[in-house]
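> Fold the following.
(2 chains)
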Amino acid sequence: MATVNLTIDGKAIVADETKTVLEAALDNGIYIPHLCHHNDLHPNGGCRLCVVKQDGVDGVITSCSTKVKEGMVISTKDEDAEKVRKLSVELMFRTHPDECVGCPKYGKCQLASISQYVGDAGREFRQQKLPLIENEENPLMLHEMYRCILCGRCVRACSELRGVGALKFEKIDGRMKVVINGKSLEEAGCQFCGACVEVCPTGSIRDKVGVFKEDAGLSREQRLVPCSEGCPAHIDVPKYIRFIKEGNYPAAAATVREKAPIPECLGYICVHSCEMQCKRNHLDGPLSIRNLKRFAASQDDGSWKEKAFQKDATGKKVAIIGAGPAGLTAGYYLKKLGHEVTIFEKLPKAGGQMRYGIPSYRLPREVLDKEIAEIESIGVEIKCGVDVKSAADLKVQGYDAVFVSVGTHAGNKLPLEGNDLPGVYLNADFLRSINLGEALPVGENVVVLGGGNVAIDCAESALRLGAKHVVMTCLEAPDKMTASEEEVTWAKEDGIIVENSRTFDAIESENGKVTGLTVTGIEGLKFGPKGPEFTRIPDSTVTFPADTVIFAVGQHPDINEEFGLELNRGRIVITDGHKTSVDGVYAAGDAVTGTRSVIAAIAEARAAVSEIDIYLGGDGNIEENLAPEQIANPYIGKNENLTKTHRTEPTVTDADDRKCNFDPMDHGFDCSKAGCEASRCLQCDLRVQISPQKFWSDYSAEEGGQQ
Amino acid sequence: MKNLLVVSCVSDDIFAPISMYLMNNFLSEVVEGAKKYALELDADIMYLLPEGQKVEGLDGDVRFTSHNSPSLTNPYSVVQVLTGNLPRPMIQDDYVAVFEEKCVSVITPEAAYGIKNGFDEKFVAVNVGDKTEIKKATVGTSLLEIAEVSDAKAVLLGGLKGTFVTGQEAADTKIEATEKFNSITVYGQGECIVDACVQIMNKTYEMSCGKCVLCREGTSQFKQIVTEMTTGKAKAGDIDLIKEVSEIISLGAYCPFGQKMTNPLTSAMNLFAGEFEDHVKRKTCKCGKCYKAAELFYIDPDECVGCGDCIDACPEDAIEGKDGYIHIIDQDLCEQCGKCVSACEEGCIKTATKLPKLPKKKTKVGKW
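Reported below is the predicted structural model:
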């Protein structure tokens, strides 16, 4: 491209001929105040701040809309230009509130920043403050247009960048205003992309409090794309949803696989913290991200394999203890990094809690088997039925590194009268027995203690084993239960009674046989440092009849000091970088954190793999691009159905047909449901494409502190 | 064809309604001129008319808009209006406005007429009192040919962007083929120039497209300040303020309208400095127009019962007083809306052009 030579403030500059004077100046560290100009938007010229003097031209020129020309001599600090700027800022403040400190944009306001730079001549103009009208009726965004200085960036972003046009200018009682092009944002066809908020220099259009995390530790991208940030493995959710919308399902599957080697299992059983973060929670309900992932993963054609990395053999040997999600993930990536991997699994088959905890009606074993086989196919050796007694010993046996991911396979038992009677089971034992094909017998009346997803698994499994009456009881109130809302709903549909806000008093028995569980109602539940705190409600003690009682109040690793690692309250202690107390022995997953989730185990295992690789002399890099490049089209247009299409529900087997067997019950999405649900995505990632707002201090920082 | 020539009949200055006059009276010349120009540009022709107007015998692509703006000679602004937005100009190197995949150029009926018939003729809107008459004049002849201006107190040449001159100066002026001669507005000896400026600034504020800060906020400020000169609220420094700021606005505003909209006011201030001073400093209007029009409200201290009803009714919080004390209207804040008059059951709120003696400090009812 052709370049031209020009002089700005005495500095000789060579600039691309397509650049404007403003761009050429900024590129070369010369700051010209500007407000209505935005990197991604067509020049506007309305704010009159970027005016400069050009030699040989009368008056001033608008630098944001004047192209550079050969031989131009520009002065940015010309007296006339500065007069114009000062007057413009001064006039803007005659309608804009001058109390900055109370403004939510305080410290991040471009107008305030510019007024500091430009100064105020202090003329005796009239105050023409706008009426303090706030519009908080719309979801996600709020409008306090009395702060608006009419730079028009929002209107331009909405029409130019997005093709939506939900905002417009309008003259009301003679005064120009930016207004919503309809009674509400929804009626105006708003796609809730947030571009208007992103470009607004003042506090006029803002995200509502609570939509995005205000955590200063998060990057802009993390903050603006809450689903990916909420996923422990930071799977690029908007990207794979977009692939699904486009009908490119294998690419969607590959996108998930970039961060997790068992995408389809996740599609069935992930705790989907992404959905809790989904911005659409503030509109009509989150996207059904887990089901989208499941559908995409089911359409995987393996095309990602061409792009997967496999490093040359390093000659290093790594032992992994436990073939659950963490162990499988670690084995997979360590093998790809070129290390020889052996996974030791105590139980007869690999899968960990995915096989011996999660019931098969939630996760079909063929899916699990298929994904484990994929991991084995790259040369990960899994030795089942091997009980490693000591992690520390393995290191001595010639492994260069050891990764411990033994999970939490021992259930917690509360110190309750009658807790050692026959017919009293622990969650882990009970669920494992079923999956080993040696189900512990249940009676007609089963009471499960606990309010989490595992408690539901126990209750549902008991029902499927023939129990007639199943009661779940827990300390938590209905809205505070840790079990997912969906699972609680299904449990209730299946006839399981959920008794909330109860403390457990005793397991009743007669002649050594369990007869019931006595509980008392509570209120004011809080979890303090010493455990739960609450008030017992007088006269609320009842006994639920039971012949089987199942504790589902947490699990811990099934290891002890013999294992050779420092433990704290039964869990493996790690320091930074997933290091245990023994050099070369690393740990991650539930065994370290306590029972959490498959996706958390995967995320932690990935982090540990990087550490182990570095320990073994590698670079620790396991990132890979398996999906094709995606061009996210920011010009989304006005899709009137976007806000009207509500969350798609999966096809689920009726209660009567599901509660008597262990067959899969949730059938997820088909192609059309997936496409429909994917089209609900608000595409939060598009906002990240918009250039972030810069302040004059940012430019002066770039030019090394001078301004 | 890939170009579009829009004949814009919606950019007239409010003092010079020439476009529709030409469309209605010289349609064939305008159409021929536009065709000639369109041929050069390789363009289709579109006529943009004010909403609700009809031109007998005009066919082809005719569109309507409710907007009338000086910016509607700017192609971008025209496209904005054609796509349902407000008129806003775009003045930028290499910028091409596109409508329905055609590059847009804009011409006024007057220019189209000129292309056909040459530019020796000039249509001038002559405004005297409430009457507007459009006259065809020959360039180079005296203004006297079309209007009796010698005895006028002042003549505004060129409407909202124009300049005030004295009647005598106007009489000595020869008509040119420029925008300045689109209109002449004649002000008689008895007319108040400050009041004339209020009317002009009201219109200027209305016509400002609002895109650029200096024009949008400048017209808004000027409108308020000049209005205050006719109601007694203006401050001593206001004349200098307007003069100083006008210079900067002329220098820095985005478009020609913004740059020139200060002309009528500043030229009036220079020409009639004494009259402005009278208004601002002595709060008098020799023509008896201003302070008469804007009668001041006051509360008769002999009749006020101190009930507070007027205080509640005042949207400007301009009435001071508490229960049992005589209420007083703060003239600086009063907007003369009259709501207090209807709120007062005693009928003690009255109007006057000159205020009677009123309590200056808190005075109990009955102690005046």
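> For stretch A:493-502, which residues meet the burial criterion?
A:Asp494, A:Ile496, A:Val498, A:Glu499, A:Asn500, A:Ser501, A:Arg502 (16 or more other CB atoms under 10 Å in any protein chain shown). Where C-beta positions appear, they are placed from N, C-alpha and C, glycine not excepted.
> actually stretch A:418-434, sorry about that
Result for stretch A:418-434 [16+ other CB under 10 Å]: buried residues A:418-419, A:423-428, A:430-434.
> Of the buried residues of stretch A:493-502, which belong to helices?
Residues of the buried residues of stretch A:493-502 located in helices (DSSP state H): none.
> Report how many residues lie close to A:Val14.
A:Val14 sits with 11 neighbouring residues when counted by other CB atoms under 10 Å in any protein chain shown.
> Specify the beta-bridge partners of it.
Beta bridges link A:Val14 to A:Asn5, judged by DSSP bridges.
> Next one: it from A:Lys53, what distance?
21 Å (CB to CB, to the nearest Å).
> Poorly predicted segments of the chain, please.
Looking at chain A here, since you left the chain open. A:700-707 (pLDDT under 70).
> looking at chain B here, not the other one
Using pLDDT under 70, the flagged stretches of chain B are B:1, B:292-294.
> And the helices in it?
So, for chain B - with DSSP H - the helices run B:18-25, B:27-41, B:75-82, B:109-117, B:167-171, B:193-207, B:213-229, B:238-252, B:256-260, B:263-271, B:273-281, B:290-293, B:309-313, B:339-343.
> Contact residues of the stretch 201-350 of chain B facing chain A?
For the stretch 201-350 of chain B, the contact set with chain A under CB under 8 Å from any CB of the partner chain comprises B:205-206, B:209-214, B:216-218, B:220-221, B:224-225, B:228, B:235, B:237-238, B:241, B:244-245, B:248-249, B:251-254.
> Selecting buried members of those in ChimeraX, what would you type?
Those of these that count as buried under 16+ other CB under 10 Å are selected in ChimeraX with:
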select /B:205,209,210,211,212,213,214,216,217,218,220,221,224,225,228,238,241,245,248,249,251,252,253,254
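> Nearest to chain B: which residue in the stretch 251-400 of chain A?
With CB to the nearest CB, the shortest gap between the stretch 251-400 of chain A and chain B falls at A:Leu283, namely 27.2 Å.
> coming back round to it: max pairwise distance over the buried residues of stretch A:493-502: which two?
With distances taken as CB to CB, the most widely separated pair in the buried residues of stretch A:493-502 is A:Asp494 and A:Ser501, at 21.6 Å.
> before we move on, the earlier item: select from the buried residues of stretch A:418-434 every entry located in helices.
Going by DSSP H, the helices hold A:Asn427, A:Ala428, A:Phe430, A:Leu431, A:Arg432, A:Ser433, A:Ile434 from the buried residues of stretch A:418-434.
> Quick check on the residue of the stretch 251-400 of chain A closest to chain B: phi, psi?
phi -110, psi -70 (degrees, to the nearest 10).
> A:Ile559 too?
phi -140, psi 170.
> can you check the one 10 residues further on too?
Backbone torsions of A:Arg569, given as degrees, to the nearest 10, read phi 50, psi 40.
> what's near enough to touch the residue nearest to it when sequence neighbours are not counted?
Among residues not flanking A:Arg569 along the chain, A:His556 sits closest, at 7.8 Å (CB to CB, 6 or more residues apart in numbering or on different chains). By CB atoms under 8 Å, 6 or more residues apart in numbering or on different chains, the contact list for A:His556 reads A:Thr408, A:Ala410, A:Asn412, A:Arg569, A:Gly570, A:Arg571, A:Gly594.
> ok, now which ones touch the fifth one?
Read it as A:Gly570. Per CB under 8 Å, 6+ apart, neighbours of A:Gly570: A:His556, A:Pro557.
> how close does it sit to chain B?
Applying CB to the nearest CB, to the nearest Å, the value for A:Gly570 to chain B is 67 Å.
> Also the first one?
According to CB to the nearest CB, A:Thr408 stands 62 Å off from chain B.
> Double-check that that residue belongs to a helix.
No. Using DSSP: H, G, I helix; E, B strand; the rest coil, the secondary structure at A:Thr408 is coil, not a helix.
> Next, count neighbours for A:Phe695.
18.
> surely it meets A:Ser113?
Yes. Using CB atoms under 8 Å, A:Phe695 is in contact with A:Ser113, at 4.5 Å.
> Give me every residue in chain A lying close to chain B.
A:43-48, A:51, A:59-60, A:62, A:65-67, A:80-81, A:83-84, A:87-88, A:91-92, A:94-95, A:123-126, A:128, A:149-150, A:152, A:168-171, A:174-176.
> Recalculate using a threshold of 7 Å.
Contacts of chain A with chain B, taken as CB under 7 Å from any CB of the partner chain, map to A:43, A:45-48, A:51, A:59-60, A:65-67, A:80, A:83-84, A:87-88, A:91-92, A:94-95, A:123-126, A:128, A:150, A:168-169, A:171, A:174, A:176.
> Point out the ones among these that are inside helices.
The helices, defined by DSSP H, take in A:Asp80, A:Lys83, A:Val84, A:Leu87, A:Ser88, A:Leu91, A:Met92, A:Arg94, A:Thr95 from the residues of chain A next to chain B.
> Now rank those by neighbours and give me the top one.
Neighbour counts for those peak at A:Ser88, which has 29 neighbours (criterion: other CB under 10 Å).
> That one and B:Val213 touch, don't they?
Yes. With contact defined as CB atoms under 7 Å, A:Ser88 reaches B:Val213; the gap is 4.6 Å.
> hmm, back to that, for the buried residues of stretch A:418-434, could you give me CSV that also reports distance to A:Thr648?
As requested, the buried residues of stretch A:418-434 are exported to CSV (distance: CB to CB, whole Å):
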residue, distance to A:Thr648
A:Gly418, 46
A:Asn419, 44
A:Gly423, 43
A:Val424, 42
A:Tyr425, 37
A:Leu426, 38
A:Asn427, 32
A:Ala428, 34
A:Phe430, 34
A:Leu431, 30
A:Arg432, 34
A:Ser433, 36
A:Ile434, 31
